[in-house]
Every structure is written in C-alpha cells, then in structure tokens.
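*Asks:* Pasted the sequence and its predicted model underneath.
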Amino acid sequence: MRYISDKDPSEFRERLFIAIGVVFFIFSILVVRLWYLQVMKSHYFGELSLNNRIRVTKTPAPRGLILARDGTILAENRPGFDLAIIPEDVEDMEKTLSTLEKLVGVNKEILRKRIKRARGRPPFKSIKLKKDLSWEEMVRVAIYRFELPGVLIEVGPTRSYPLGEITAHLIGYVGEISVREQERLRRAGKTSYSLGDIIGKSGVEAIYENVLRGMDGGRQIEVDAHGRLIKVMKEIPPFPGNNLRLTIDVPTQLALWEALSGKAGAGIAIDPRNGKVLAMVSTPSFDPNLLIGGISEEDWQSIINNPFRVFTNRAIQGQYPPASTFKVITAAAALEEGIIEPSTKMYSGPVFRFGGREYRDWKPEGHGNIDIKKAIIESADTFFYQVGLMVGIERLARYAEMFGFGKKTGIGFGTEKAGLVPTPEWKKKTYGTIWYDGETILTAIGQGFLLTTPLQLANAYASIANGGTLYMPQFVESIESPSGKVIKEFEPVELGKVELSTETLSLLKEALRGVVADEDGTAHHLNVDGLRIAGKTGTAQVVRLKKRTRDIEKIPYKHRDHAWFVGFAPYDDPRIVVAVIVEHGGFGSQSAAPVALKVIQTYLKGLEERDKLLSTEHKRGERL
Amino acid sequence: MIEKRYFFQTDWLLLAIAIALTVIGIANIYSATHIHQPYLYKKQLYWLIVALVVMVPVVAINYSLFERFAYVIYGISLVTLVIALLWGHSAGGSRRWLDLGFFHFQPSELAKIAFMMALAKYLSSRELPRRGLSLKELMGPAALLAPPFLLVAKQPDLGTALIFLFVFASMLCIVKIRLKTMLAISAGLLAMIPFVWHSLKDYQKARLLSFLDPTMDPLGSGYHILQSKIAIGSGGFMGKGFTQGTQGTLMFLPAHHTDFIFPVLAEEWGFVGSFVVLLLFLLFIIRGMDITGSAKDRFGFLLAFGIVSMIFWHTVVNMGMVTGLLPVVGVPLPFLSYGGSFLVTTFVGVGLLLNIGMRRFLF
C-alpha cells in the first residue's frame, strides 16, 4: 500500500481543478435561475408584487332612507362598530379567538365557524365576526387591539328601524348577501355584489333594493405585509342610495298596530281615491333590528319556533275565506244581472233546505221576509243562499274576478298571494270532480273554496267606495334623491273598472252604511258620531261546528272562527278603506270591527287637523 | 513575527472583495430596514469594524500555531456549544446564542472554524493511502464531526448542521475517498431518508413539503419561498432602484435582513446587480482556491480549502433557497446577511486565508 507520507499537499492539487469545475457549474446554475426569474418571468412576478401591496377596499354607500309620508323615519342608518378579522395577519389564532370570546362574549367555536364559512374570499379581505358592537365591547376590543394583530374594528353604516316590529312586515329588513342570492344576481347580470355586502331581504328593503342601495365607493391603498395603510393611491367616494317616501300614515299605522297587538291577524288601510296604502300591519311581528346585527341563537330560535309564523305578512300572504264580507259581491251580481230587484223580498228563515241538506243561518230565529238591503245589513245567510243559487257559480266567479279576487293586486311584494275564485273548470282540474250546487250556496256567502287576502278585500271595497274604480294598491309616494329632490312620483294605476250601475253602487253603499247605522246592523257599535262608517262584518268558518254558540270562550282556540271587518268612511266621501282580520277571533263584529274603528278614527282625526291647519294658514294668507 | 515581505504577499484583492461584499450588504440592510429598524445597518457597520480588528491577530499569528492548538480550540468550541444548549439564550424556538453581556454570541459559528482546524490537523497528521480513504479510515474524521454536528442539530439549527456536513464532505473529497466507499455511503444515505424524515420537526417537514409545492399553502410555509421569488422576479433586469423595492421595505419578505437579504438586493438592483454579486463571490472563491493550491503544507491546504468550501456552501445553499431551487433552511449569505457572529466568523476565515496565503513560501 502506498501512502502520501510527506506534508506537501501537491497530491491534492489535481483535485482542486475538479473543485473549481464544480464551483463554476453550480454558479452557472444560479445565474441561469436568476435569468429565468428576473428576465424571463419578471413580468409575472412584477404583477404579483403589485398585488401584494395594493389592495382595494370598499367604502359602503349609505343606504337610502325609508320615510313615511309625513317624513317620519322608518329606516335609517346609524354608525355601527363591527368586529372583523383578517386571518392572514393573525399570529396566534387560538389565543386571539379566546381573547375575543372574553371581550365580546361570543363563543370561540362560533367565531371559528364564521371564519371558516368565509373561505373563498380574496386574501386579506376582512371577515365580520360580530356586527354592531356595543360601546363597552368596542372599547374593550380597542384596548386590546395591539395584542391582537389581524383584529380590527370597522365602522360602517348599520340599518336601524325606529318603529321596529310595528313596520316589520312592510319595511322588511336587510342582511349580508348569501351565496345563493349572489349567484342568482350574477345570473341576472348584476355583478356588483360581493360577499359581505348588505342586501334587502324582505319587504320594501327587498322590493326597492335597486333604489335604496346606492353605489359603493372604493379606495385603492398601498399596504405593508401587515396590512397597514401606507398611502391612499386613489379614492372614489360612495354615492348614497335614494330615499323612499312611503304612503304610510304613521298615526294610522300606530293605531292599527296597537289595536291588533296581542292578536294574530292583519289589517290594511287604503285610500280609496287612489289605492295608496295608509297602513299595513301583520301580527305577531318581529323586531327587524335584531336580525341585522347577526342575531343570537336564542333570538333566532324563538322567532322561527313561534307557532304563529311571525315572518308571514298576513295582510298580503294570508288567504282566508272572505265569509259574509263577500255577500256584497253576490248582491252586486244578482242586481246587475237582473235576478232580483232592489225591492224583491224573500223569506229568509233560520234554515235553507236544498238537495236534502240543511243550510243554517247564523241567526237561530231567522230574518223573516226581507229585501236585499236588509239582507246585507243583517247579513242574512239564508237570503244569499237562495240568491247565490239563482246567480250561479259562473256569474259569481265573474263578478268576484271583476272585484279583483283570485288575482294578485300587483302591490309589489313578491310574496303576495292570489287568493282563489273557484269555478267548475277549476274544480275539475284540481279535484277531478264536478261542481255541486251546494258549493255555489257556500260561495255565495264567501265560504267554501273561496279565498282572499285582506289586501284584496280592502281593494274590492275601495272600488265600491270610490264609485267603481279598481286601483293597484301602492305604498310608495315618491323616490327622492339624498338631498331631498323628488326623482319620481308614483301616479295612481287603474287595474280596471267595476262595471256596476249607479243605482246598484249607491244601494250597496247605503246597505253597508246600514250595517253600522241601523239598530239591527251587525256592526252597529261602530256607529260613532261624526265618522259615518260603512262596512261589513264577516265570520270565516275554520271548522264546521255542529252547534254554533256565541260564547267563543267555550270553543278551543284553533277551532274558533276568523273574524273580519271591512269598511270605509266617511261613507258619502270615502277617504279610507280598512280591512281587518283577526285569526280565531270569533264573530267579526266582536274582535275585528273595533280594530277598524280605531284606525278610521285616528286617520279621520288626522285629516281634520290637517284641514284645520290648512284653512288657518289660508286665512292668514288672506289677511296679509 | 510579521515580516515586511508578508505585506506584499498578502492577497489584497481577496480582502477587498470581502469588504466590498460586506458594504453592499450594509447598503441592502439599510434599504430593507430603514423604515422599521433604522439602527440595524449601523450595527452591521460596527460589526465590520470589529471583524476587521479581530482579523488582525488571526492574520498575524503564524497559522502553525493554530495547527498546534487545533484540538484545544476544537474542545473549547464544543464546551461553548454545550453551554449554549444548556443555558443559552433562546429565540425563535432554538437555543443558539450565548449572552455575553454586550452581545449575543453564536458558538456554532466559531465551532465551524474550530472543526475545520481539527479536521485539517487530523488529516495532515495521518498517513493517507493513495487509493483514497476507506470506510474504516473515515471513522476518525467522522468522530470529529459528530459532536459539533449533533450539538448544532440539537439547538436546532438545521442550516448550520448542514454546512458542517457539506464542509466535512468537501474536505474529505479533496483528500480522496475510495470509489467503493463513496458508493457505499451514498447507498447508506438513501436508505436513511425515511428515518431522517421521521425525526424532523413539524416545521422542518412543512418547509420541505412546501418546497416541493410552494402553492400548496402560499400564506403558510410556502410564504417564504413565494415572497422571495416575487421579490427577485419583480426586480427584472435593471431593478427597482435603491430603497425602491416594495417586497423588502413593506415587509412581505420575512427575515429580509438576515437569511433573505439577497432578494432585497435582487429586487432593487435587478439581474445586473445579482449577477455582479454572484461574480464577486465567484472571484472570491477562485482567489481562495488559488491560496489553497499554493499552501506550503497539508494543514494550510486543508484549512484553506475548508474555509473556501464553507463560504461556497453558505452562498450556494442560501441562493438556492431564496431562488426556490432548494428547500428553506436557515443559512445566511456570507458578508451580506445581517448578524455579528457570522460576519466575525467569516472574516476570521478570510484572515486565515490571508494568513495561509502570505506564508506560502517555505523559507
């Protein structure tokens, strides 16, 4: 074996050349790599470096206000503090979340879920953890902010509804856009919504989303790796949404709410001269303010578990048999078709027998020999059984449709129901069976298959009150710019004419007045001096009871009849039509009529005061 | 001890390159940190002065003295490593520093030099077979490597441990290893991969995985590589200009003044700047090889070669890492990265090279 024995390193020197070769080789790899990154891909990486430091943040536009017709605010914006997080900037998520749990009292796991749900958002976009912090929570978070990188407090307009549940169904509420809604809007070509944006969820907020929304502004800012603002590069200010002035009369709305609260039901008041909605309430209601700030689990459960389905707007979605309130339409058909004369008298006993069955009257002793006017006043069932048979279902249906039944009024709510006007063809199609005369008898007094919404009923009566015009109900007076300039005014829209002779119309009006004015009228207790109310009560059967009793306390709640009242005032110059239903309220005269009375009283008093004010101003003007 | 002729035999070019690279480094540290830590570049400037002062005795003392005390120095460095591990100052999850009051000293840096001296002495005091070292003959060198390597890996400082391994391998290759032995070792290393993987810490595994696919988790472990590549790539051919880089100054780049200083330079000076720096490194290494080849004895040759290979591996591993060619291991770039211990160690190495170079003549 040969050894390198001397200390001279010449033996190693030859390998030094190999080493130098290796060095050159590896360095040339590095040069090629740098050439690839800095020359060939420099454009690509240049773009990435721009994306890194430039972020576009949204400045949400304040949503338009919703006002009542006198300017009372029904929906407004107030500054709200939202807790948000940018997960990319968080150093210790676990610690951050448990600190936040202590500061704002939201369970750690719920916070985690909210962050997880926001997956798919662009990087460095903040996620809302809790909306609308209280002042105390805001201060607490602000104190700890420097220990919680990535956590921020965002100030933004928060929607607020001063009248809360009183206008809940009408105004609706807003919320963060859902993925499904965003998808739907994108397909409709509206791409300006991004996740986290606020959108109207129901009611006016949803119907007039496009008007109220406005244009979000934006800021292009340069940030550092911690998302801290270095400088604002470009700023586009937000453009606030337009305001909506509704036709709602606040005192009337309040009166309707007060009179209905504690009951399940709905009421709607319309100006018969143009179809403008003066008040609309559905009970039980919900507080829309709770739904905005990320509702708590408990509140949500109590809302959706409420057996009375609080989200249902019964004024337009509730479908009930119109009951005796429909007798006016039967009467109109009979008179117009010449089947009876105003003077024709018919015996109306306690029972009408037909086809081997007994059709009872609500009054055990019957009404005797009466004409049509008296029949309406006393709401004589047996009178209308006979008349209905003579008119026949085809003509009854035609008249019902002429009055707007069985068809959406077009008020604008997507949730509006059409009601139902039954015909033999309809029955054949739906049930596959033929029409029986017994069903005509029931239809004549507004029972059976016939269904109406309170809105349709009010609108039908409005056409009687105004002399034969069926208007489309409207709840918006005008659209106004943020500075208050009127952009668009809504003109009354005619849906059609109710083709009745003047004689028939005035007879119906007189009869309806008689319901209140006559001693024997079913709503005589509404005969308050000065109001001159005309109207009709109704009692919609929920189940057929063997023995009818006036003592409703003895009947289980869900078997009690629905109570109706629909009427207008003053009867010789109608300014307001009101339809009220109280679910399971028993007789119409007992529970629904007093509600209508309150509403009419309030509205007419308001009108009177306004007139007085106008006339004094007028006088003052004359004196000057 | 210092004769006049040594002045003329000193490789001034090598020293000039070293100082030039350090000054470029300081300028880059300034650019990267002047917004948030405006004092760092000054500290590095002081460190350069300290390093040059320390270098004076290293150059002046005849390196045969280092040969004589090589094992003692090696022993001392092992002791400091143990102390660091037991009572050291920990930062970022590893115990690497000794608090010496006025500064934090990193014993693993000194250990690199000490280890090279010990290995050079061991190899020059043996009779080496011409056909190359066999596995049995590698046991001695391996025994020298094991203590510092394991102590550094335990800190844990994977990067420095890797440098130990590379320098060790380089020095043994230059004295020649038998082909048979080489193949056997390669096979053994391959077989060990699964066990090594198993023993890695989670963050180390994550770095390796994200190296294989940086887009897997761009904000997690792939973040370093991606941001580094963005910085280098966005620099383009001419660069964005001094202090105009956005990746570094806006802190998208992590550790932008230590391990990731090169991307700062590449972003601001472009391909031209990167190429110049690379060229300076290449020149330094060639000059170092030149000194190695002219060394008058085996110890000088091996020590010089060890130092050159150390600087070479540091450069290559660091650049490979920041350009995305190699996984992220915390290895600083010689002369340019911020850090006192490392700069002083590097200049001690430069000093030793100068020392060996100027005493190349036997007379």
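*Replies:* Yes, it's here. Keep in mind the model is a prediction, meaning the values are calculated, not measured.

*Asks:* Could you use CA atoms for every contact and neighbour count after this?
*Replies:* Fine.

*Asks:* Any idea how many residues pack against the residue in the stretch 51-200 of chain B positioned nearest to chain A?
*Replies:* Proximity of the stretch 51-200 of chain B to chain A (Cα to the nearest Cα) peaks at residue B:129, 4.4 Å away. Using other Cα atoms under 10 Å in any protein chain shown, residue B:129 is surrounded by 18 other residues.

*Asks:* and it, what are its phi and psi?
*Replies:* Per-residue torsions, residue B:129: phi -70, psi 140 (degrees, to the nearest 10).

*Asks:* do residue A:388 as well
*Replies:* Main-chain torsions, residue A:388, degrees, to the nearest 10: phi -60, psi -40.

*Asks:* Tell me how many other residues crowd the residue lying closest to it once chain neighbours are set aside.
*Replies:* In this structure, residue A:388 finds its nearest non-sequential neighbour in residue A:444, 4.9 Å apart by Cα to Cα, 6 or more residues apart in numbering or on different chains. Residues lying near residue A:444 (other Cα under 10 Å) number 31.

*Asks:* Hmm, residue A:444 is touching residue A:383, no?
*Replies:* No - the pair residue A:444 / residue A:383 is not scored as a contact, 9.9 Å apart, by Cα atoms under 8 Å.

*Asks:* can you list the residues of the stretch 151-300 of chain B near chain A?
*Replies:* B:174-176, B:219, B:229-237, B:246-247, B:250-252, B:270-271, B:274-275, B:278, B:282, B:286, B:289, B:293, B:295-298 (Cα under 8 Å from any Cα of the partner chain).

*Asks:* Narrow those residues to just the buried residues.
*Replies:* B:174-176, B:229-237, B:246-247, B:250-252, B:270-271, B:274-275, B:278, B:282, B:286, B:289, B:293, B:295-298 (16 or more other Cα atoms under 10 Å in any protein chain shown).

*Asks:* how about the strands in chain B?
*Replies:* B:89-91, B:94-99, B:104-105, B:128-129 (DSSP state E).

*Asks:* Pull up the pairing partners for the last one, direction included.
*Replies:* Each strand that strand B:128-129 pairs with, and the sense of that pairing, follows from DSSP bridges: strand A:3-4 (antiparallel).

*Asks:* Ramachandran coordinates for residue A:197?
*Replies:* Dihedral angles for residue A:197 - degrees, to the nearest 10 - are phi -70, psi 150.

*Asks:* That one: how many residues sit nearby?
*Replies:* Residue A:197: 15 neighbours (other Cα under 10 Å).

*Asks:* What of residue B:17?
*Replies:* Count around residue B:17 with other Cα under 10 Å applied: 17.

*Asks:* Isn't it up against residue B:284?
*Replies:* Yes - taking Cα under 8 Å as the definition, residue B:17 is a contact partner of residue B:284 at 6.5 Å.

*Asks:* list the contacts for the residue in the stretch 501-624 of chain A that chain B sits nearest to?
*Replies:* Across the stretch 501-624 of chain A, the shortest distance to chain B (Cα to the nearest Cα) belongs to residue A:583, at 58.8 Å. Residues near residue A:583 by Cα atoms under 8 Å, 6 or more residues apart in numbering or on different chains: A:263, A:264, A:265, A:561, A:562, A:563.

*Asks:* can we see that at 6 Å?
*Replies:* A:264, A:265, A:562 (Cα atoms under 6 Å, 6 or more residues apart in numbering or on different chains).

*Asks:* my read: the last one touches residue A:589, true?
*Replies:* No - look at residue A:562 against residue A:589 with Cα atoms under 6 Å: they stay out of range, at 11.0 Å.

*Asks:* out of those two, which sits in the more crowded spot?
*Replies:* residue A:562 (27 against 23).

*Asks:* Now residue 58. Nearest residue, chain neighbours left out?
*Replies:* With no chain named, the answer covers chain A. residue A:218 (4.4 Å).

*Asks:* Not quite, go with chain B.
*Replies:* In space, residue B:58 is closest to residue B:351, 5.6 Å off (Cα to Cα, 6+ apart).

*Asks:* Next one: that neighbour from residue B:339, what distance?
*Replies:* 18 Å (Cα to Cα, to the nearest Å).

*Asks:* Just to be sure, residue A:347 is in a strand?
*Replies:* Yes - remark: residue A:347 belongs to a strand, assigned using DSSP: H, G, I helix; E, B strand; the rest coil.

*Asks:* Touching, it and residue A:367? I think so.
*Replies:* No - counting by Cα under 6 Å, residue A:347 stays clear of residue A:367, with 7.8 Å between them.

*Asks:* more neighbours, those two?
*Replies:* Taking neighbours as other Cα under 10 Å, residue A:347 and residue A:367 compare with residue A:367 leading, 21 against 15.
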